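A.B. asks: Provided below are the primary sequence and the corresponding predicted coordinates.
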Amino acid sequence: MNFYIGIDFGTSGGRLVITNIKGQIYGEAETPFPASSSPDEWPSIWKTTLFDLIAQIPLELRRQTQAIAIDGTSATALLCDYQGKPITSPLLYNDGRGAEMMAQLKAIAPANHPVLSATSSLAKLLWWEHHHSELSISFQPLYFLHQADWLGFLLHGKLGISDYHNTLKLGYDVIHLCYPSWLTNQVNCESNRLKLKLPKVVAPGTPISAITSEIAEQFNLPKHCVVCAGTTDSIAAFLASGATSPGEAVTSLGSTLVLKLLSHTPVNNARYGIYSHRLGNLWLTGGASNTGGAVLRAFFTDEELETLSEQINPNLSSPLDYYPLLKKGDRFPINDPELPPRLEPRPENSVEFLHGLLESIARIEAQGYQLLQQLGATPLTQVYTAGGGAKNQVWARMRERYLQVPMVKPIHTAAAYGAARLAMQNR
Ligand SMILES: Nc1ncnc2c1ncn2[C@@H]1O[C@H](COP(=O)(O)OP(=O)(O)O)[C@@H](O)[C@H]1O
Ligand SMILES: O=C(CO)[C@H](O)[C@H](O)COP(=O)(O)O
């Protein structure tokens, strides 16, 4: 029997799903990231996690694996040398240091382009160019990669290949399927002191190459096992849900809050941090907020979230109006790197406090979907929920009160399953 592996790299850890060609799950693995680590440790943690996840799959299944696909956090970027060795600490998806590059971004990119965000991949590239152009002296050529691109390279050995989901926030034109001249002129211009290579871009799920012989031997994988181009974690969660009709949406309630509404028409609006990913001949309109489970985890364990949520009446609205963030700055539905967290007043009663947090995140989610529809996205018909927060049925009822559409729990919500669906394209 042939098997297919999907690997998801989220904020808090890595997850793997192995399925047969019918999409039946034969195995799963999960490896949380260490609770505290420094940025220069992240590549080795990601590599260790990747190899640990694959090693957890039973030998018999590994030996019959035909394809692997990986999703990663969007706009998590790193610079590598010609051997694929990271030469700087990665900059994560929510790293807002690119805010200082906004004037330059607005000068080169079209209005409302997805790169017009402090956390976009291009903002990070310009920041590296502005602060670390000396890297070009020691490293030629330099490769700009996303997390999923680099992890895929570790398995297939072909450096500098990405997909048009991970490269949207780098500036890739997903309509004409090329890098626009305003971007290539910027990256290649003589005055640009940081000489780097942008990744070659293919469609998500496209087979890139067979695994290297070293990887085949290390994990007892077939030499013909292909590694496919990946996607981002929230799109993988969308793919997992099985949503296919415009108007269907997936909210990823993970460490962050990410909305994806399938639409006949794209919506891009930098003011609100709204952008549209290409999905076949449709568009995944949405945005990614820094609010979400990471804020909850700062105050409650997963067990406390479960037990305290059960004491909340989801039909009652909390009077507490928070904007739950761990640090200043949000990307969507308010695209403002200076936006302050709002977590006061904090009641003595933990249930009341959690009620306020869950209700406030539900309000932000509803505001996001309302904006998407106001700006022309296909009207919302139903919402699937993915991520750690999907298990919270009290929260689902609260969210339903705001969204006024059915909240459907899909059979599969794990992003790793969505990545496996990409791998299955290579049957
Ligand atoms: N019962 C729950 N209710 C709400 N949120 C929860 C619950 N259990 C876990 N979470 C949240 O889920 C998040 C982890 O979800 P996950 O999808 O693994 O995140 P990521 O993929 O971003 O790492 C945590 O931040 C945690 O606060
Ligand atoms: O916030 C995130 C961390 O999980 C997401 O990776 C990301 O921001 C979502 O971006 P995209 O819409 O490109 O998938």
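C.D. replies: Now that the structure is in, tell me what you want to look at. Predicted model, so just to flag it, every value in this text is computed and none were measured. Ligands and ions are numbered 1, 2, ... in the order given.
A.B. asks: find the residue closest to Ser360 in space, skipping its chain neighbours.
C.D. replies: In space, and not counting its chain neighbours, Ser360 is closest to Tyr322: 3.9 Å by Cβ to Cβ, 6 or more residues apart in numbering. Heads up, the C-betas are built off the backbone N, CA and C, glycines and all.
A.B. asks: I'd guessed the one you found sits against Leu358; true?
C.D. replies: No. The criterion here is Cβ atoms under 8 Å, and Tyr322 misses it with Leu358 at 9.9 Å.
A.B. asks: picking that back up, quick one, what contacts the residue nearest to Ser360?
C.D. replies: 342-343, 356-357, 360 (Cβ atoms under 8 Å, 6 or more residues apart in numbering).
A.B. asks: can you select the buried ones from these in ChimeraX?
C.D. replies: Selecting only the buried entries of the contacts of Tyr322 in ChimeraX, with 16 or more other Cβ atoms under 10 Å as the criterion:
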select :343,356,357,360
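A.B. asks: wait, which of the contacts of Tyr322 is closest to Phe3?
C.D. replies: Leu357 (40.2 Å; Cβ to Cβ).
A.B. asks: helix, strand, or coil at Glu358?
C.D. replies: Quick fix: residue 358 reads Leu, not Glu. Secondary structure, DSSP: H, G, I helix; E, B strand; the rest coil: Leu358 is helix.
A.B. asks: do you know how far it is from ligand 2?
C.D. replies: 19 Å (Cβ to the nearest ligand atom, to the nearest Å).
A.B. asks: and the closest residue to that residue other than its chain neighbours, how far from Met407?
C.D. replies: Excluding the flanking residues, the one nearest Leu358 by Cβ to Cβ, 6+ apart is Trp395, at 5.0 Å. Going from Trp395 to Met407 by Cβ to Cβ, to the nearest Å gives 10 Å.
A.B. asks: got the residues of this protein near ligand 2?
C.D. replies: 10-11, 73-74, 93, 232-235, 254, 256, 258, 286, 288 (Cβ under 6 Å from any ligand atom).
A.B. asks: residues in contact with Gln140?
C.D. replies: 82, 195.
A.B. asks: 7 Å instead?
C.D. replies: Lys195 (Cβ atoms under 7 Å, 6 or more residues apart in numbering).
A.B. asks: next SSE after the least confident helix or strand in the chain by mean pLDDT?
C.D. replies: Ranking every helix and strand in the chain by mean pLDDT, DSSP states H and E puts helix 135-138 at the bottom, with a mean of 84. Note on helix 135-138: by DSSP states H and E, the next helix or strand toward the C-terminus is strand 142-146.
A.B. asks: tell me the gap between that next one and the middle of its chain.
C.D. replies: Offset of strand 142-146 from its chain centre (Cα atoms, centre = their mean, to the nearest Å): 17 Å.
A.B. asks: could you number the chain from 884 rather than 1 from now on?
C.D. replies: From this message on, residue numbering opens at 884, which makes the last subject strand 1025-1029.
A.B. asks: output it in CSV with nothing but the alpha carbons.
C.D. replies: Listed next in CSV are the C-alpha coordinates belonging to strand 1025-1029 (Å, rounded to 0.1, in the frame of the first residue of the first chain):
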residue,chain,number,x,y,z
LEU,A,1025,22.9,34.0,-0.5
TYR,A,1026,19.5,32.3,-0.6
PHE,A,1027,16.3,33.8,0.8
LEU,A,1028,14.1,31.0,2.0
HIS,A,1029,10.9,30.4,4.0
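A.B. asks: which residue of this structure sits farthest from its center?
C.D. replies: Glu1231 (34.9 Å; Cα atoms, centre = their mean).
A.B. asks: list phi and psi for that residue.
C.D. replies: Glu1231 adopts backbone torsions of phi -60, psi -40, taken as degrees, to the nearest 10.
A.B. asks: what sits against it?
C.D. replies: So Glu1231 contacts nothing (Cβ under 7 Å, 6+ apart).
A.B. asks: could I get the buried residue list for the least confident helix or strand of the chain?
C.D. replies: 1018-1019.
A.B. asks: tell me the contacts of Ala1303?
C.D. replies: By Cβ under 7 Å, 6+ apart, the neighbours of Ala1303 are 887-889, 900, 902, 952.
A.B. asks: skipping adjacent residues, who's closest to it in space?
C.D. replies: Gly889 (2.9 Å).
A.B. asks: and the one you found, how many neighbours?
C.D. replies: Neighbours of Gly889 under the rule other Cβ atoms under 10 Å: 32.
A.B. asks: Cys963 now?
C.D. replies: Cys963 has 24 nearby residues by other Cβ under 10 Å.
A.B. asks: what do you get for Gly967?
C.D. replies: Residues near Gly967, counting by other Cβ under 10 Å: 18.
A.B. asks: helix, strand, or coil at it?
C.D. replies: coil.
A.B. asks: isn't it right next to Leu1034, touching?
C.D. replies: No. Using Cβ atoms under 7 Å, Gly967 is not in contact with Leu1034; the gap is 10.7 Å.
A.B. asks: hmm, back to that, how much space between the residue farthest from the centre of the chain and ligand 2?
C.D. replies: On the measure of Cβ to the nearest ligand atom, Glu1231 and ligand 2 end up 32 Å apart.
A.B. asks: the residue nearest to Ala1303 belongs to a helix?
C.D. replies: No. Checked against three-state DSSP, Gly889 lies outside a helix; its state is strand.
A.B. asks: for it, list the residues it contacts.
C.D. replies: By Cβ under 7 Å, 6+ apart, the neighbours of Gly889 are 900, 952, 1299-1306.
A.B. asks: before we move on, back to that, neighbour count winner among Trp1278 and Met1290?
C.D. replies: Trp1278 (26 against 17).
A.B. asks: where does the more buried one fall, phi/psi-wise?
C.D. replies: According to degrees, to the nearest 10, Trp1278 has phi -60, psi -40.
A.B. asks: ok, now the one 10 residues further on?
C.D. replies: For Val1288, the backbone dihedrals (degrees, to the nearest 10) come out as phi -130, psi 160.
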